[in-house]
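[1] Need coordinates for the below:
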Amino acid sequence: MTIAFPAPRAPLVEVDRLSVAFGDAAPVLSEVSFTVAPGECLALVGESGSGKSVTARSLIGLAGQRARTAAARLAFAGDDLLGYRERDWRALRGRRVGFVLQDALGALDPLRTVGAEIEEPLRAAGGLTRAERRERSIELLRAVHVPEPELRARQHPRQLSGGLRQRALIAAAIASDPALLIADEPTTALDAAVQAQILELLRGLRSRDGALIVVSHDLAVVAQLADRIAVMRHGRIVEQGSAAAILGEPRHAYTRALVEAAAAIHGARPRVAASPAAVVPLAPAAPLLAAAGVSKSYPGADRQRRTVVSDVSLALHAGETIGLVGASGSGKTTLTRMLLGLEAPDAGQVRWSGDDWRDLPARERRVRRRGVQVIFQDPLASFDPRYTVRRVLDEPLALRGVARGDRHDRAAALLRLVRLDAGLLARRPIELSGGQRQRVAIARALALEPRALICDEPVSALDVSVQAEVLALLDDLKARLGLACLFISHDLGVVRRVSDRIAVMHEGRLVEDGPADRLFAAPAHPYTRALLAAIPSLDPVRSAHA
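    This is a model prediction of the structure:
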């Protein structure tokens, strides 16, 4: 008896010895080769600057105007992409290949509504009336789990949270049902529950014979999506194989380091054993920063006021780290602005060192605010691109009254504090790696000798190995300087790693607040249980078609 096996399916994407250089500089990609079959997901992982995004952009003709591209073969659905002109690329992008950028705010047109952005590829594809395109855009927003999609479709990107913008960008990318979706860090700005929903959506796209290429530094996300993983370093693929093999038995030393760093971040936070000696309890110290019953509302696009923070109380003590988690739009950012005295609550009060922000004159508020500093997710956007690192640090030192002649030595000392070489003072932030820039941002915050730090997604844009280094640095600084920290993040693995307590926000309310170990072991609120259940692990998910 003869058994007839089905013929192997032709690859949808073929990349053979791809190299890319800019101008006369050395190549940023060298001899990169891989294929992607219909119904398959390939993940490109590696540090910033490894060539992941350049590889992805080369597949849609967006490597850059000065890019010099060479390959033995570069093809999509059998078409030779090396001979494409700009007209051909425009026909490919958006229709046959969808692209999800990491920076949703930069990718979305600030002058167009979200609905108009999603309707653009539908209009290019043709076949639908204006009313049908509008209805389809709302359906797509609903498919990517955007609440109140009819309202959000009428809003502009600036009116949405980071997570909602990212979901809108995904909706626009899948609007024309492309055969290939390229997603560059598609879940970075999303909380665990929404991240799980988006991962399920992406898996569904792949199961309909649509291929998927994911660029990510989050190996736990990669494990939930990828059939195969290609590990990139210095513009080359150093290891490639099945997700199970790469994550379970990595062969290359660099891959092993990435997997070990990811496991360290997603593992439990190390705790110091309690002393068996009898301890006389002390009276609790007054909180350094405290919100008591604060609420805040804003008018929406439909002119109806919506409460974004409702009756929230939170107290942060010296030497303590509170992890603040919750979905995009849950009220975390508004609560943070009230804690900083940048927004006045409609009800309740915020006290800094015992004083209500509203009782302080404007000049006094500015002086007091130096005692609580913010570390942002994207430090490059918060630096003046014309400044050197020395000038970045010079400004806060001048505010503190440090004499001009002493500032160089103080700036060098700040860099050493965050484990950077003083030789970086002459560089501009654009010339630094992502991890170095984040350390400079921490040094700038410490220059004012704050008593508290608010860390707003400080490691979500960093490679997993750099994440581990920065988190260890923050732990060390907190122990040495006695800093209080409010750590805002979507990544519950990271939050568990750094937090003494965790506060969970949901729809503007604080639904749970307690010790990190207790909250992870026995979450009380259903929303907290749902968040914890949605945390991705490093164990690969078996695809439905495997």
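
[2] Just the helices from the stretch 201-350 of the chain, written as ranges.
    Taking DSSP state H, counting those that start in this stretch, the helices of the stretch 201-350 of the chain run over residues 219-225, 243-248, 253-266, 332-339.

[3] chain center to the longest one, what's the gap?
    Yep, that's helix 253-266 we're talking about. Centre-to-centre, helix 253-266 and its host chain are 18 Å apart (C-alpha atoms, centre = their mean, to the nearest Å).

[4] That one: which residues count as buried?
    Under the neighbour-count criterion of 16 or more other C-beta atoms under 10 Å, helix 253-266 has 254-255, 258-259, 261-266 buried. For the C-beta atoms, the positions are set from N, CA and C on the backbone; glycine is no exception.

[5] Which among the helices of the stretch 201-350 of the chain is found nearest to residue 437?
    Relative to residue 437, the nearest member of the helices of the stretch 201-350 of the chain by C-beta to C-beta is helix 253-266, separated by 18.8 Å.

[6] Report pLDDT for residue 278.
    For residue 278, the model assigns a pLDDT of 40.

[7] Okay, now the unreliable bits of the stretch 351-500 of the chain?
    In the predicted model, the stretch 351-500 of the chain carries pLDDT under 70 at residues 434, 461.

[8] Now do the helices in the stretch 401-546 of the chain.
    With DSSP H, counting those that start in this stretch as the definition, the stretch 401-546 of the chain shows helices at residue ranges 404-417, 434-447, 464-481, 492-498, 516-521, 526-533.

[9] out of those, nearest to residue 163?
    Nearest to residue 163 among these is helix 526-533 (13.5 Å), distances taken as C-beta to C-beta.

[10] helices or strands up against the closest one?
    Based on contacts counted as 3 or more C-beta pairs under 8 Å, 6 or more residues apart in numbering; DSSP states H and E, the elements that helix 526-533 packs against are helix 192-207, strand 501-506, strand 509-515.

[11] Show me how this protein divides into domains.
    Dividing the chain into domains by automatic domain parsing, as the record does, gives the ranges 289-371+450-533, 383-449.

[12] Packed most tightly, which of those domains would that be?
    Greatest average neighbour count among the domains of the chain goes to domain 289-371+450-533 (a mean of 19), per mean count of other C-beta atoms under 10 Å.

[13] Span of it from start to end?
    Distances were taken as C-alpha to C-alpha, to the nearest Å; on that basis the terminal residues of domain 289-371+450-533 are 31 Å apart.

[14] Let's have the domains of the chain in TSV, adding distance to residue 154.
    Rendered in TSV, the data for the domains of the chain read as follows (distance: least, C-beta to C-beta, whole Å):
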stretch	distance to residue 154
domain 289-371+450-533	5
domain 383-449	34
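
[15] can you tell me which of the ones you listed comes nearest to residue 68?
    With respect to residue 68, and counting by C-beta to C-beta, the nearest of the domains of the chain is domain 383-449 at 22.2 Å.

[16] now the helices of the stretch 401-546 of the chain as a markdown table including distance to residue 150?
    As requested, the helices of the stretch 401-546 of the chain are exported to a markdown table (distance: least, C-beta to C-beta, whole Å):
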| stretch | distance to residue 150 |
| --- | --- |
| helix 404-417 | 50 |
| helix 434-447 | 38 |
| helix 464-481 | 38 |
| helix 492-498 | 31 |
| helix 516-521 | 35 |
| helix 526-533 | 24 |
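
[17] Among those helices, which comes closest to residue 215?
    Using C-beta to C-beta, those put helix 464-481 closest to residue 215, at 13.6 Å.

[18] so the closest one versus helix 404-417, what angle?
    120 degrees (axes from the mean of the first three to the mean of the last three C-alpha atoms, to 10 degrees).
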